[in-house]
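Enquirer: With the input below, show me the fold.
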Amino acid sequence: MITRNFCILTFFFLQLNLQAQYSNLIIGSDNMEPFTLAVNGELINSNPQTQVRVDGLAPGLNKLMIQIVQKNGYTVAVKSNVFLESNTESYYNLKKNNRNEYVLRLYNMVPVSTNPVQNNPIVNQPNPNYNNPNPTPTNQTVINPQININIGGNQNTSTNPNPNPNTQPQPNPLPGYNGPIGCPYPISDAAFNDIKRTIQSSDFESSKLAIAKQVISSNCLLSKDVKEIMELFSFESSRLEFAKYAYGFTYDLGNYYIVNQAFSFESSIEELDRFIRSRR
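Expert: All right, here's what the predicted structure looks like:
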(Lines give C-alpha, C1' and ligand atoms only; values in the text may rest on other atoms or scores of the structure.)
Protein backbone atom coordinates (compact mmCIF):
# COMPACT_ATOMS: atom_id res chain seq x y z
CA MET A 1 0.00 0.00 0.00
CA ILE A 2 2.84 2.38 0.87
CA THR A 3 4.55 1.66 -2.45
CA ARG A 4 1.33 2.22 -4.37
CA ASN A 5 0.64 5.53 -2.61
CA PHE A 6 4.22 6.63 -3.17
CA CYS A 7 3.92 5.92 -6.91
CA ILE A 8 0.67 7.85 -7.10
CA LEU A 9 2.20 10.86 -5.34
CA THR A 10 5.30 10.70 -7.54
CA PHE A 11 3.15 10.61 -10.68
CA PHE A 12 1.08 13.53 -9.39
CA PHE A 13 4.11 15.73 -8.76
CA LEU A 14 5.66 14.80 -12.10
CA GLN A 15 2.45 15.79 -13.88
CA LEU A 16 2.29 19.03 -11.90
CA ASN A 17 5.88 19.85 -12.82
CA LEU A 18 5.31 19.12 -16.51
CA GLN A 19 2.21 21.28 -16.60
CA ALA A 20 4.16 24.18 -15.06
CA GLN A 21 6.84 24.20 -17.76
CA TYR A 22 5.56 26.70 -20.28
CA SER A 23 6.41 30.16 -21.59
CA ASN A 24 4.50 33.15 -22.89
CA LEU A 25 5.62 35.39 -25.74
CA ILE A 26 4.43 38.95 -26.44
CA ILE A 27 5.58 40.83 -29.55
CA GLY A 28 4.69 44.45 -30.23
CA SER A 29 5.44 46.57 -33.32
CA ASP A 30 7.53 49.59 -32.34
CA ASN A 31 6.42 51.56 -35.43
CA MET A 32 2.77 50.49 -35.21
CA GLU A 33 3.07 48.36 -38.35
CA PRO A 34 0.69 45.38 -38.30
CA PHE A 35 2.11 41.90 -38.79
CA THR A 36 1.23 38.24 -38.82
CA LEU A 37 3.11 35.69 -36.75
CA ALA A 38 3.84 31.98 -37.23
CA VAL A 39 5.48 30.00 -34.42
CA ASN A 40 7.23 26.75 -35.30
CA GLY A 41 5.41 26.65 -38.62
CA GLU A 42 1.94 27.32 -37.16
CA LEU A 43 0.18 30.54 -38.17
CA ILE A 44 -1.03 32.42 -35.11
CA ASN A 45 -2.99 35.35 -36.54
CA SER A 46 -4.21 35.53 -40.13
CA ASN A 47 -5.25 39.18 -39.74
CA PRO A 48 -2.27 41.53 -39.21
CA GLN A 49 -2.07 43.10 -35.75
CA THR A 50 0.33 45.49 -34.06
CA GLN A 51 0.66 43.21 -31.04
CA VAL A 52 0.42 39.44 -30.72
CA ARG A 53 0.52 37.42 -27.52
CA VAL A 54 1.14 33.66 -27.49
CA ASP A 55 0.64 31.72 -24.26
CA GLY A 56 1.65 28.17 -23.40
CA LEU A 57 4.71 27.77 -25.64
CA ALA A 58 7.32 25.13 -24.92
CA PRO A 59 10.47 26.55 -23.30
CA GLY A 60 13.65 26.57 -25.37
CA LEU A 61 14.13 27.38 -29.04
CA ASN A 62 11.05 28.59 -30.92
CA LYS A 63 11.20 29.50 -34.61
CA LEU A 64 9.28 32.60 -35.70
CA MET A 65 8.15 33.85 -39.10
CA ILE A 66 6.86 37.43 -39.09
CA GLN A 67 5.19 39.07 -42.09
CA ILE A 68 5.12 42.86 -41.67
CA VAL A 69 2.59 44.88 -43.66
CA GLN A 70 4.11 48.26 -44.49
CA LYS A 71 2.20 51.45 -45.22
CA ASN A 72 2.95 51.20 -48.94
CA GLY A 73 1.24 47.81 -49.04
CA TYR A 74 4.40 45.75 -49.37
CA THR A 75 5.08 42.85 -47.01
CA VAL A 76 8.46 42.21 -45.40
CA ALA A 77 9.29 38.74 -44.05
CA VAL A 78 11.43 38.38 -40.94
CA LYS A 79 12.71 35.03 -39.68
CA SER A 80 13.97 34.81 -36.13
CA ASN A 81 14.60 32.31 -33.35
CA VAL A 82 13.83 33.11 -29.72
CA PHE A 83 14.89 31.20 -26.64
CA LEU A 84 12.13 31.17 -24.05
CA GLU A 85 12.77 30.29 -20.44
CA SER A 86 10.26 28.13 -18.60
CA ASN A 87 7.60 29.89 -16.52
CA THR A 88 8.40 33.33 -17.94
CA GLU A 89 6.75 35.96 -20.09
CA SER A 90 9.12 37.47 -22.65
CA TYR A 91 8.35 40.86 -24.20
CA TYR A 92 9.86 41.68 -27.58
CA ASN A 93 9.81 44.83 -29.70
CA LEU A 94 9.70 44.47 -33.48
CA LYS A 95 11.68 47.46 -34.73
CA LYS A 96 14.24 48.70 -37.24
CA ASN A 97 17.92 48.87 -36.36
CA ASN A 98 20.37 51.52 -37.52
CA ARG A 99 20.79 49.61 -40.80
CA ASN A 100 17.04 49.94 -41.45
CA GLU A 101 16.53 46.19 -40.95
CA TYR A 102 13.68 44.72 -38.95
CA VAL A 103 14.85 43.00 -35.77
CA LEU A 104 13.33 41.58 -32.59
CA ARG A 105 14.65 43.01 -29.34
CA LEU A 106 13.95 41.54 -25.92
CA TYR A 107 13.19 44.36 -23.48
CA ASN A 108 11.58 42.63 -20.52
CA MET A 109 11.11 39.18 -19.05
CA VAL A 110 9.06 38.40 -15.94
CA PRO A 111 7.79 35.26 -14.19
CA VAL A 112 4.39 34.08 -15.39
CA SER A 113 1.45 34.41 -13.10
CA THR A 114 0.74 31.48 -10.80
CA ASN A 115 -2.82 31.53 -12.12
CA PRO A 116 -3.75 29.17 -14.96
CA VAL A 117 -3.43 30.50 -18.51
CA GLN A 118 -6.70 32.18 -19.45
CA ASN A 119 -8.13 33.74 -22.56
CA ASN A 120 -8.45 37.49 -22.08
CA PRO A 121 -9.03 39.09 -25.47
CA ILE A 122 -7.42 42.51 -25.85
CA VAL A 123 -9.68 45.17 -27.32
CA ASN A 124 -8.66 46.15 -30.85
CA GLN A 125 -8.84 49.83 -31.66
CA PRO A 126 -8.41 51.60 -35.00
CA ASN A 127 -4.89 52.81 -35.69
CA PRO A 128 -5.07 56.41 -36.93
CA ASN A 129 -1.42 56.29 -38.08
CA TYR A 130 -1.91 53.38 -40.45
CA ASN A 131 -3.94 53.67 -43.64
CA ASN A 132 -5.18 50.11 -43.99
CA PRO A 133 -7.73 49.46 -46.75
CA ASN A 134 -8.97 46.39 -44.86
CA PRO A 135 -11.27 46.83 -41.87
CA THR A 136 -9.74 46.38 -38.45
CA PRO A 137 -10.58 42.91 -37.06
CA THR A 138 -12.86 42.70 -34.07
CA ASN A 139 -11.87 41.17 -30.75
CA GLN A 140 -10.79 37.57 -31.10
CA THR A 141 -9.09 34.79 -29.23
CA VAL A 142 -7.58 31.98 -31.28
CA ILE A 143 -7.23 28.63 -29.55
CA ASN A 144 -5.75 25.29 -30.60
CA PRO A 145 -4.75 22.22 -28.56
CA GLN A 146 -1.14 23.38 -28.12
CA ILE A 147 -1.24 27.15 -28.08
CA ASN A 148 -3.52 29.70 -26.45
CA ILE A 149 -3.29 33.08 -28.14
CA ASN A 150 -4.59 36.51 -27.29
CA ILE A 151 -4.39 38.92 -30.21
CA GLY A 152 -4.56 42.67 -29.76
CA GLY A 153 -3.98 45.77 -31.82
CA ASN A 154 -2.32 49.08 -31.11
CA GLN A 155 -1.15 48.17 -27.63
CA ASN A 156 2.53 48.95 -28.18
CA THR A 157 3.78 52.49 -28.75
CA SER A 158 7.17 54.11 -28.81
CA THR A 159 6.28 56.26 -25.77
CA ASN A 160 5.22 53.27 -23.66
CA PRO A 161 6.73 50.14 -25.19
CA ASN A 162 5.73 47.81 -22.35
CA PRO A 163 2.34 46.26 -23.20
CA ASN A 164 1.92 44.90 -19.67
CA PRO A 165 1.67 47.60 -17.01
CA ASN A 166 2.22 45.02 -14.25
CA THR A 167 5.69 43.98 -15.36
CA GLN A 168 8.64 45.03 -13.22
CA PRO A 169 12.10 46.03 -14.47
CA GLN A 170 14.75 43.34 -14.28
CA PRO A 171 17.53 43.65 -11.68
CA ASN A 172 20.97 44.85 -12.74
CA PRO A 173 22.45 41.90 -14.70
CA LEU A 174 26.03 43.08 -14.24
CA PRO A 175 26.52 44.84 -10.89
CA GLY A 176 29.37 47.34 -10.95
CA TYR A 177 29.37 47.77 -14.73
CA ASN A 178 28.91 51.40 -15.81
CA GLY A 179 30.04 51.25 -19.43
CA PRO A 180 28.06 51.55 -22.67
CA ILE A 181 25.03 49.28 -23.16
CA GLY A 182 24.45 47.63 -26.53
CA CYS A 183 21.12 45.83 -25.99
CA PRO A 184 18.33 45.91 -23.41
CA TYR A 185 18.88 42.86 -21.17
CA PRO A 186 21.13 39.79 -21.46
CA ILE A 187 19.72 36.28 -21.51
CA SER A 188 20.05 33.99 -18.51
CA ASP A 189 22.74 31.36 -18.09
CA ALA A 190 20.19 28.61 -18.77
CA ALA A 191 19.09 30.16 -22.06
CA PHE A 192 22.71 30.74 -23.06
CA ASN A 193 23.54 27.08 -22.43
CA ASP A 194 20.61 26.13 -24.69
CA ILE A 195 22.05 28.37 -27.41
CA LYS A 196 25.47 26.74 -27.10
CA ARG A 197 23.96 23.26 -27.35
CA THR A 198 22.02 24.30 -30.45
CA ILE A 199 25.18 25.60 -32.14
CA GLN A 200 27.20 22.53 -31.14
CA SER A 201 24.55 20.23 -32.62
CA SER A 202 25.84 21.01 -36.14
CA ASP A 203 28.86 19.13 -37.53
CA PHE A 204 29.86 21.75 -40.10
CA GLU A 205 31.60 25.05 -39.43
CA SER A 206 29.47 27.00 -41.90
CA SER A 207 26.28 25.63 -40.34
CA LYS A 208 27.47 26.46 -36.84
CA LEU A 209 28.16 30.03 -37.90
CA ALA A 210 24.78 30.40 -39.59
CA ILE A 211 22.96 28.98 -36.56
CA ALA A 212 24.95 31.18 -34.17
CA LYS A 213 24.01 34.33 -36.08
CA GLN A 214 20.38 33.31 -36.30
CA VAL A 215 19.86 32.42 -32.65
CA ILE A 216 21.45 35.58 -31.27
CA SER A 217 19.70 37.92 -33.68
CA SER A 218 16.79 38.32 -31.26
CA ASN A 219 18.75 37.92 -28.03
CA CYS A 220 21.18 39.93 -25.93
CA LEU A 221 24.53 38.46 -24.82
CA LEU A 222 27.28 39.37 -22.42
CA SER A 223 30.81 39.80 -23.76
CA LYS A 224 31.88 36.62 -22.01
CA ASP A 225 29.07 34.75 -23.78
CA VAL A 226 30.32 35.96 -27.15
CA LYS A 227 33.79 34.67 -26.30
CA GLU A 228 32.41 31.23 -25.36
CA ILE A 229 30.51 30.94 -28.63
CA MET A 230 33.57 32.01 -30.61
CA GLU A 231 35.49 29.14 -29.02
CA LEU A 232 33.00 26.68 -30.56
CA PHE A 233 34.43 27.47 -34.01
CA SER A 234 37.55 25.80 -35.38
CA PHE A 235 38.62 28.51 -37.83
CA GLU A 236 39.91 31.98 -37.02
CA SER A 237 37.88 33.48 -39.87
CA SER A 238 34.64 32.14 -38.36
CA ARG A 239 35.52 33.54 -34.95
CA LEU A 240 36.24 36.95 -36.43
CA GLU A 241 33.04 37.01 -38.49
CA PHE A 242 30.95 36.05 -35.48
CA ALA A 243 32.69 38.60 -33.22
CA LYS A 244 31.79 41.35 -35.69
CA TYR A 245 28.19 40.19 -35.97
CA ALA A 246 27.68 39.71 -32.23
CA TYR A 247 28.86 43.24 -31.39
CA GLY A 248 25.37 44.51 -32.22
CA PHE A 249 23.79 42.05 -29.77
CA THR A 250 26.04 42.54 -26.74
CA TYR A 251 25.00 44.16 -23.47
CA ASP A 252 28.33 45.22 -21.94
CA LEU A 253 30.12 46.77 -24.91
CA GLY A 254 32.74 48.21 -22.59
CA ASN A 255 33.91 44.67 -21.85
CA TYR A 256 34.09 43.56 -25.46
CA TYR A 257 37.89 43.33 -25.27
CA ILE A 258 37.24 39.97 -23.55
CA VAL A 259 36.50 38.35 -26.92
CA ASN A 260 40.10 38.99 -28.02
CA GLN A 261 41.10 36.03 -25.86
CA ALA A 262 39.41 33.70 -28.36
CA PHE A 263 41.69 34.78 -31.23
CA SER A 264 44.95 33.09 -32.17
CA PHE A 265 46.35 35.91 -34.32
CA GLU A 266 47.04 39.55 -33.55
CA SER A 267 45.75 40.51 -36.99
CA SER A 268 42.24 39.34 -36.04
CA ILE A 269 42.27 41.54 -32.94
CA GLU A 270 43.35 44.52 -35.02
CA GLU A 271 40.66 43.91 -37.64
CA LEU A 272 37.96 43.60 -34.98
CA ASP A 273 39.19 46.82 -33.39
CA ARG A 274 38.92 48.65 -36.72
CA PHE A 275 35.40 47.29 -37.15
CA ILE A 276 34.31 48.45 -33.70
CA ARG A 277 35.76 51.94 -34.21
CA SER A 278 33.85 52.20 -37.50
CA ARG A 279 30.60 51.50 -35.65
CA ARG A 280 31.06 54.32 -33.14
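
Enquirer: Now do the phi/psi pair for Asn219.
Expert: Dihedral pair for Asn219: phi -130, psi 170, per degrees, to the nearest 10.

Enquirer: Just give the nearest non-adjacent residue to it, would you?
Expert: Leaving aside its sequence neighbours, Asn219 sits nearest to Ile187 (CB to CB, 6 or more residues apart in numbering; 5.2 Å). Glycine gets a C-beta too; all of them are placed from N, C-alpha and C.

Enquirer: Let me see the contact set for the one you found.
Expert: Residues in contact with Ile187 (CB atoms under 8 Å, 6 or more residues apart in numbering) are Phe83, Leu106, Ile195, Asn219, Cys220, Leu221, Asp225.

Enquirer: Assumed it was part of a strand.
Expert: No. Read with DSSP: H, G, I helix; E, B strand; the rest coil, Ile187 is coil and lies in no strand.

Enquirer: biggest separation within the contacts of Ile187, which pair?
Expert: Leu106 and Asp225 (14.0 Å; CB to CB).

Enquirer: what pairs with the helix or strand where Val52 lies, and is each one parallel or antiparallel?
Expert: Element membership for Val52 (DSSP states H and E) is strand 51-57. According to DSSP bridges, strand 51-57 forms sheet pairs with strand 23-29 (antiparallel), strand 148-152 (antiparallel).

Enquirer: Pick out the residue nearest the middle of this structure.
Expert: Val82 (3.9 Å; CA atoms, centre = their mean).

Enquirer: thinking it is in contact with Asn62, fair?
Expert: Yes. Counting by CB atoms under 8 Å, Val82 does reach Asn62; the two are 5.5 Å apart.

Enquirer: Name the residues contacting each of those two.
Expert: Taking CB under 8 Å, 6+ apart as the criterion, Val82 and Asn62 both touch Leu25.

Enquirer: give me every residue that touches the residue lying closest to Gln21 once chain neighbours are set aside.
Expert: In this structure, Gln21 finds its nearest non-sequential neighbour in Ser86, 4.6 Å apart by CB to CB, 6+ apart. With CB under 8 Å, 6+ apart as the criterion, the residues that contact Ser86 are Ala20, Gln21, Tyr22, Ser23, Pro59.

Enquirer: ok, the fourth one - how many residues close by?
Expert: It stands for Ser23. Burial measure for Ser23: 23 neighbouring residues, criterion other CB atoms under 10 Å.

Enquirer: In this structure, where is pLDDT below threshold?
Expert: Along the chain, segments meeting pLDDT under 70 span 1-20, 113-171.

Enquirer: Now do the contacts for the residue nearest to the centre of the chain.
Expert: For Val82, the contact set (CB under 8 Å, 6+ apart) comprises Leu25, Leu61, Asn62, Leu64, Ser90, Tyr92, Leu104, Leu106, Ser218, Asn219.

Enquirer: Strands - which of the residues you listed land there?
Expert: Judged by DSSP state E, strands contain the following of these: Leu25, Leu61, Asn62, Leu64, Ser90, Tyr92, Leu104, Leu106.

Enquirer: Show me the beta-bridge partners of the second one.
Expert: Residues found in beta-bridge contact with Leu61 (criterion: DSSP bridges) are Phe83.

Enquirer: Quick one: neighbours of it, just the number.
Expert: 17.

Enquirer: ok, now which ones touch it?
Expert: With contacts defined as CB under 8 Å, 6+ apart, Leu61 is in contact with Asn81, Val82, Phe83, Asp194, Thr198, Val215.

Enquirer: go again using 10 Å as the cut-off
Expert: Asn40, Asn81, Val82, Phe83, Leu84, Ala191, Asp194, Ile195, Arg197, Thr198, Ile211, Val215 (CB atoms under 10 Å, 6 or more residues apart in numbering).

Enquirer: contacting residues around the closest residue to the first one other than its chain neighbours?
Expert: Same thing as Asn40. Take Asn40 and drop its neighbours on the chain: the residue closest to it by CB to CB, 6+ apart is Lys63, 5.4 Å away. Contact analysis of Lys63 by CB under 10 Å, 6+ apart lists Ala38, Val39, Asn40, Gly41, Lys79, Ser80, Asn81, Val82, Gln214.
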